[in-house]
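Participant: One predicted model, sequence on top.
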Amino acid sequence: QVQLVESGGGSVQPGGSLRLSCAASEVTLDFYVIGWFRQAPGKEREGVTCIKSGDGRTYYADSVKGRFTISRDNAKNTVYLQMNSLKPEDTAVYYCAAEPPYMHYECTSRYFGSWGQGTQVTVSS
């Protein structure tokens with residue numbers, strides 16, 4: 001299990017931006033597939049974006065394409081989720097997750113075994 005810590009959540013008006021961080025202290029995140037997921041009240045957890053180790057290939061859910069960007073800062077052992085043009089429907093608890101790059105990789109919650117505690121993002125006027 002990888003210990004992950006998310007930060008950067010908060011409240012923002014529609015159209016605003018936030019940057020979430022996912023950090024680990026005991027492993028090198030560059031060796032892991034990292035995913036960001038979110039869960040709104042009364043809804044199932046959904047995949048937002050993932051980034052592979054090695055080739056750095058990314059996946060984005062259609063609902064966030066063009067607005068959200070996942071990136072790595074290996075010097076800080078941190079993965080970021082830059083969220084721009086936020087909408088009220090982006091309101092949720094956001095979780096980062098990590099898993100080694102197995103052959104059966106997929107950007108779904110069932111793939112990942114290590115999860116952070118979550119950070120709340122609220123988009124409201």
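Facilitator: That came in fine, so what should we check first? Numbers count the residues shown, from 1 in each chain.
Participant: Poorly predicted segments of the protein, please.
Facilitator: Nowhere does the chain drop to pLDDT under 70.
Participant: Find the centremost residue of this protein, please.
Facilitator: A centroid search over the chain (CA atoms, centre = their mean) returns W36, at 2.1 Å, as the residue closest to the centre.
Participant: Quickly note the distance from it to S7.
Facilitator: From W36 across to S7, the span is 13 Å (CB to CB, to the nearest Å). C-beta coordinates here come from the backbone N, C-alpha and C atoms, glycine included.
Participant: Check what contacts the helix or strand encompassing the residue nearest to the centre of the chain and list those residues.
Facilitator: Secondary structure assigned from DSSP states H and E places W36 in strand 33-39. With contacts defined as CB atoms under 8 Å, 6 or more residues apart in numbering, strand 33-39 is touched by 20, 22, 45-53, 70, 72, 79, 81, 90, 92-101, 105, 107, 109, 111-112, 118, 121.
Participant: hmm, try it at 7 Å
Facilitator: Here strand 33-39 makes contact (CB atoms under 7 Å, 6 or more residues apart in numbering) with 22, 45-53, 70, 79, 81, 92-99, 101, 105, 107, 109, 112.
Participant: Partner strands of the following helix or strand past that strand, with direction?
Facilitator: Under the assignment DSSP H and E, the closest C-terminal helix or strand after strand 33-39 is strand 46-51. According to DSSP bridges, strand 46-51 has the following sheet partners: strand 33-39 (antiparallel), strand 58-60 (antiparallel).
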